[in-house]
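Undergrad: just to be clear, the model below is a prediction. Sequence and coordinates:
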Amino acid sequence: MKKRMAAGIIAAGMVMAAALPAAAENKTMTVKYTEASTYTLEIPSSVILEEDKAVKAEIKLSAINVGAKEKVQVKVNSGISGGKVTLTDAKDATNTVSSVVSLTADAVAGIEDNAVVAEFEGPGTTATKDGALYFSQLGDIPAGTYSGTIVFEAEIVAKN
């Protein structure tokens, strides 16, 4: 009898459990991925100027992956003053020559100090603004080995 009573209690419990509504529970999952903006800048490590003609140096990207509202901007950080780069003779620091640095092929109007010299927008690696520096001819200069340095700064900035 005890077994029947226990079986009856278990059966009654099962019927009551089946009669109760099952509680539904919703959970959410957020799925994320982040791809960092990147680029590979290519600026010639040296440019050989000439006495009788202007010289062109191209600023390029070999790879770019930036957001839709971003661009890569390249500007001169130092080395150009008053639109000119100054080259100093290795053997005589008092002997200098200068070349006008321009964004146009005529190489007449020098760029401003700290000027933006190239802009790139993804996915293309061709400059969307400027992208080349033109150095004016040097003219007749005394014998010597002259050099100067231009430092560039590149960064990812917001599009206007």
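TA: Great, that's in hand.
Undergrad: what does the pLDDT read for M5?
TA: At M5, the model reports a pLDDT of 59.
Undergrad: try V15
TA: Looking at V15, its pLDDT is 56.
Undergrad: give me the contact list for stretch 86-93.
TA: In this structure, residues lying in contact with stretch 86-93 by CB atoms under 8 Å, 6 or more residues apart in numbering are L49, N95, T96, V97, S98, S99, P142, G144, T145, Y146, S147, G148. For glycine as for every other residue, the C-beta is placed from the backbone atoms N, C-alpha and C.
Undergrad: quick one: which of those residues has the most company?
TA: Highest neighbour count within the contacts of stretch 86-93, by other CB atoms under 10 Å: S99, with 26 neighbours.
Undergrad: list the contacts of that one.
TA: By CB under 8 Å, 6+ apart, S99 lies in contact with L49, K84, V85, L87, F135, S136, Q137, L138.
Undergrad: return the set of residues that bridge with it.
TA: V85 (DSSP bridges).
Undergrad: on that earlier part again, where strands are concerned, which of the contacts of S99 count?
TA: K84, V85, L87, F135 (DSSP state E).
Undergrad: right, and the first one touches V101 too?
TA: Yes. Using CB atoms under 8 Å, K84 and V101 qualify as a contacting pair, with a distance of 6.4 Å.
Undergrad: and G82, what does it touch?
TA: With CB under 8 Å, 6+ apart, G82 has these contacts: G110, D113.
Undergrad: against G67, how distant is it?
TA: The gap separating G82 from G67 is 36 Å, by CB to CB, to the nearest Å.
Undergrad: same thing with A118?
TA: 19 Å.
Undergrad: so between the two, which is more surrounded?
TA: Between A118 and G67, counting by other CB under 10 Å, A118 is the more crowded of the two (24 against 13).
Undergrad: pretty sure the more buried one sits in a strand.
TA: Yes. Counting by DSSP: H, G, I helix; E, B strand; the rest coil, A118 is located in a strand.
Undergrad: direction included, what does the strand or helix carrying K56 pair against?
TA: Following DSSP states H and E, one finds K56 within strand 55-58. Note on strand 55-58: by DSSP bridges, its sheet partners are strand 132-135 (antiparallel).
Undergrad: by contact count, what packs against the next helix or strand after the strand it pairs with?
TA: Once the chain leaves strand 132-135, the next helix or strand it forms, by DSSP H and E, is strand 146-147. Secondary-structure packing of strand 146-147 (3 or more CB pairs under 8 Å, 6 or more residues apart in numbering; DSSP states H and E): strand 84-89.
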